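> Sharing a model prediction with you, sequence too.
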Amino acid sequence: MSAHGNRRVGAVRPSHLMFTAGIGALVDLPNFSVLVRGLDSWSHTGLTDYDIDEPRLRTAVNRSLQRYGSRQIEQLRAAPWLEGADTDPKGWAAQGVGVPVTPFPQWLRCSACNVLAAVDSGEFAFVNPNPRTPHEAKFVHDCKLGKPLAVAARFTLVCTAGHLDEFPYTAYVHHGQTCTEAPRPKLRMKDHGGNQAANVTIECVACPGKRNIREAMGERGRDNLPQCRGRHPHMGTYDPGGCAEQAVLMVAGASNQWFPLTLSALALPTGSGGDIDRLLEDHWPDLELLQDRAQFDFMAKMPKFGFLKEFDGDAVLAAIAARKSGAEGEAPTAPDVQAGLFGPEWEALSGPVPQPSDDFALRQVPVPPVLDELFADIRQVERLREARALIGFTRLDAPDPESPEIGRRVELSRTPQTWVPASEVRGEGVFLRVRDDLMADWVARMEQSPQMQAHREAFGRFRTNRKSDRMTSAFDPYQGWPGARYIALHTLSHLLIRSIALECGYSSASLAERIYAGDEQHARTGILIYTAVPDSEGTLGGLVSLAEQREFDRIVRRTLADAAHCSADPLCSERLPHKDSDSLHGAACHVCLFVSETTCERGNRFLDRRFLVPLSGDKGQVLTPAGLLP
């Protein structure tokens, strides 16, 4: 990464650029912070092997961005990097190769004399004498006290439309006016300490102007802040129409300054026949040109598109027309697009075992005799590859599958690009399929039960409490309710993850889950527990080996036995969403069910042990067959 004159100032993992601090976000370095610039500034010139080939994900990105025209997304690109940049920082591999960043906030404060000025004011000098130690890069102030370190002035302005701006120190200290003594006066920032709130005074050296930053904090402080200027510093632009939102004071390191919008897909083997949705996802750039049956028949005769003979031409043309019609409407939400990616994955994981490939290898293992009352299938996913793409980000309002209307997506580039940043990880996993008849019977019994109704009503309260006042469409508090099937599968997944983490040698944070619950029209009963880390730990084989008959029988029995007790009982076992609460879990807590945020696909929501093991003596409300109950 480079921040000043193409100098290298640090390094991050590819996954960090996707989920923690990507385009438009601040990255804290040891001595200052930088902002990751937009795609217009990225360069892959002279690089090879940066293209991540995953047609399903690429099509999903286009669908989410509603870009099916000539300027569609054509590539998923890994971050620019060349081998040799770490070992020889003065060599050709390190010259200008990397993710471009710029110092932000661009107002710095001298740690000795408290001078406050912009980075381009001439007050500060950038120092990085040794390219082998980029973490030592810093700004210094040449003052009477030597050359002390200059640190970032940590205050910024943010708005819900996704804009980010510098705090207007000069205008603020002069109450919106200009200094009467100097056009660009020198300022000082003095931190007085304290344990209640920021107690920082901004002083003008040229005039008596002085003001505490606390006057800009909170609801009252917003009246002392200017209107948002509509700035996107990662693109170097201002919204031409301005911004109607009120700016909010925020410390640069605040966690709600940047939230990623990502999509992910598993690389699946090439299937044959039948799945028109999969066909369109894999070959949309070619198929979107078809307009009639004659064109379809002609294309099917070409060797390159011989696979089209396996499909009904009229059905394919109808699907193409429907997708084009949908492209003219409102873009679907990222959660809806992600749910669409799960369909082909479910078919590949639960259908006939395909021929193994470098990206996907599946092996059927026998279901232990006692467990066949619970599971219909147990499969070892010996190899898998997951591709992830960043399609935008939000500020202040986090994107949420339960409230997709909250949060405004910010573009990654100033001009339309034909690619988006992506990363990929390889790993292994275990796929489990719960018996369809067992799940159907349980859902029929529990759908209208008081316990499940309490969960559903809590979901409605949760959605209502998070309702954005910026919504323009009709609001349904129960839109997105995952249903009883999802809660049961999700709870079982968490119980198994916690047990597997003790056996397989991986940390629980190295594991991830995908719940295939489907909907009323497409009921599914699958769980995929897999490793999703970008290093060799993800392919050590420790997870797959636990799916062997003897091992898995023992793990499931121990899991269900442990689920019957929690150190927080009876508080945990008796917990159920109540009238004044909008929590989305019942008998679940950090002791028994919660896992790390990187592992759970729903932020530890929709969990309840009482649906798998009897906590109150009532065995009639649990999914687990009686023969497996502790």
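Everything's here; your move.
> Listing request: residues of the stretch 1-150 of the chain with sub-threshold pLDDT.
Along the stretch 1-150 of the chain, segments meeting pLDDT under 70 span 1-6, 67-71, 84-96.
> no wait, the stretch 501-630 of the chain
533-541.
> in it, which spans are strands?
511-518, 523-531 (DSSP state E, counting those that start in this stretch).
> who does the first one pair up with?
In this case it means strand 511-518. strand 523-531 (antiparallel) (DSSP bridges).
> Just to be sure, residue 396 is in a strand?
No. Secondary structure of residue 396 (DSSP: H, G, I helix; E, B strand; the rest coil): coil, not part of a strand.
> Pop out the phi and psi values for residue 351.
phi -80, psi -160 (degrees, to the nearest 10).
> Distance check, it against residue 31.
Separation of residue 351 from residue 31 (CB to CB, to the nearest Å) stands at 54 Å. Heads up, the C-betas are built off the backbone N, CA and C, glycines and all.
> Over to residue 607?
Taking CB to CB, one finds residue 607 at 42 Å from residue 31.
> Give me the more crowded residue out of these two.
Neighbour totals were compared for residue 607 and residue 31, and residue 607 leads with 26 against 18 (other CB atoms under 10 Å).
> from memory the more buried one sits against residue 590, does it?
No. Taking contacts as CB atoms under 8 Å, residue 607 lies outside contact range of residue 590: 11.3 Å.
> Which residues does the closest residue to residue 134 other than its chain neighbours form beta bridges with?
The shortest distance from residue 134 to any non-neighbouring residue, by CB to CB, 6 or more residues apart in numbering, is to residue 8 (4.5 Å). Note on residue 8: beta-bridge partners by DSSP bridges are residue 2.
> Let me know how buried residue 8 is, in neighbour terms.
Around residue 8 there are 24 other residues, counting by other CB under 10 Å.
> how far away is it from residue 41?
From residue 8 to residue 41 the distance is 16 Å (CB to CB).
> and what of residue 625?
Distance from residue 625 to residue 41, by CB to CB: 58 Å.
> Comparing the two, which residue is more hemmed in?
The neighbour count for residue 625 versus residue 41, taken as other CB under 10 Å, is higher for residue 41 (17 against 14).
> Which residue is the nearest non-sequential neighbour of that one?
Residue 41 sits nearest to residue 100 (CB to CB, 6+ apart), 4.3 Å away.
> Kindly report the same for residue 358.
Once flanking residues are discounted, residue 358 sits nearest to residue 383: 7.1 Å by CB to CB, 6+ apart.
> my guess is the one you found meets residue 425, correct?
No. Taking contacts as CB under 8 Å, residue 383 lies outside contact range of residue 425: 12.0 Å.
> Do I have it right that residue 214 meets residue 220?
No. Counting by CB under 8 Å, residue 214 sits too far from residue 220 to count as a contact (9.9 Å).
> so where does residue 116 fall, helix or strand?
Per DSSP states H and E: residue 116 is located in strand 115-118.
> ditto for residue 198
Going by DSSP H and E, residue 198 is not in any helix or strand.
> Then residue 101?
Going by DSSP H and E, residue 101 is part of strand 101-103.
> so how far is that strand from its chain's centroid?
Centroid separation for strand 101-103 versus its chain: 23 Å, with CA atoms, centre = their mean, to the nearest Å.
> Could you do stretch 423-435 as well?
The chain centroid and the centroid of stretch 423-435 are separated by 18 Å, computed with CA atoms, centre = their mean.
> What of stretch 200-210?
Using CA atoms, centre = their mean, the offset of stretch 200-210 from its chain centre is 42 Å.
> Give me the buried positions along that stretch.
Neighbour-count burial for stretch 200-210, counted by 16 or more other CB atoms under 10 Å, picks out 200, 201, 202, 203, 204, 209.
> Kindly report the same for stretch 509-516.
Buried, per 16+ other CB under 10 Å, within stretch 509-516: 510, 511, 512, 513, 514, 515, 516.
> Could you do stretch 238-255 as well?
243, 245, 247, 248, 249, 250, 252.
> what do you get for stretch 556-571?
Under 16+ other CB under 10 Å, the buried positions of stretch 556-571 are 556, 557, 559, 560, 562, 563, 564, 565, 566, 569.
> what's the distance between the second one and residue 52?
Okay, so that is residue 557. In terms of CB to CB, residue 557 sits 41 Å off from residue 52.
> what's the answer for the last one, then?
With distances taken as CB to CB, residue 569 is found 46 Å from residue 52.
> Also the third one?
Counting by CB to CB, the gap from residue 559 to residue 52 is 35 Å.
> ditto for the fifth one
Residue 562 is 39 Å from residue 52, where distance means CB to CB.
> Setting aside sequence neighbours, what's the nearest residue to the residue lying farthest from the centre of the chain?
Distance from the C-alpha centroid of the chain, by CA atoms, centre = their mean, peaks at residue 181 (49.2 Å). Nearest residue to residue 181, sequence neighbours excluded (CB to CB, 6+ apart): residue 206, at 4.0 Å.
> Next: residue 104.
Distances taken as CB to CB, 6+ apart put residue 35 closest to residue 104, at 3.7 Å, once the chain neighbours are dropped.
> What is the distance between the one helix or strand the one you found maps to and the centre of its chain?
Element membership for residue 35, per DSSP H and E: strand 33-36. Distance of strand 33-36 from its chain centroid, counting by CA atoms, centre = their mean, is 19 Å.
> so where do the helices sit in the stretch 351-500 of the chain?
With helices called from DSSP state H, counting those that start in this stretch, the stretch 351-500 of the chain shows them at 436-446, 450-465, 483-501.
> mean pLDDT for these: which is lowest?
Mean pLDDT is lowest for helix 450-465 out of the helices of the stretch 351-500 of the chain, coming in at a mean of 90.
> what's next to that helix, contact-wise?
Residues outside helix 450-465 that contact it (CB atoms under 8 Å, 6 or more residues apart in numbering): 402-403, 446, 477-481, 484, 487, 576-579, 581-584, 586, 606, 608, 610-611, 621.
> Can you flag the buried ones in the residues you listed?
Of the contacts of helix 450-465, these count as buried by 16+ other CB under 10 Å: 402-403, 446, 477, 480-481, 484, 487, 576-577, 582, 584, 586, 606, 608, 610-611, 621.
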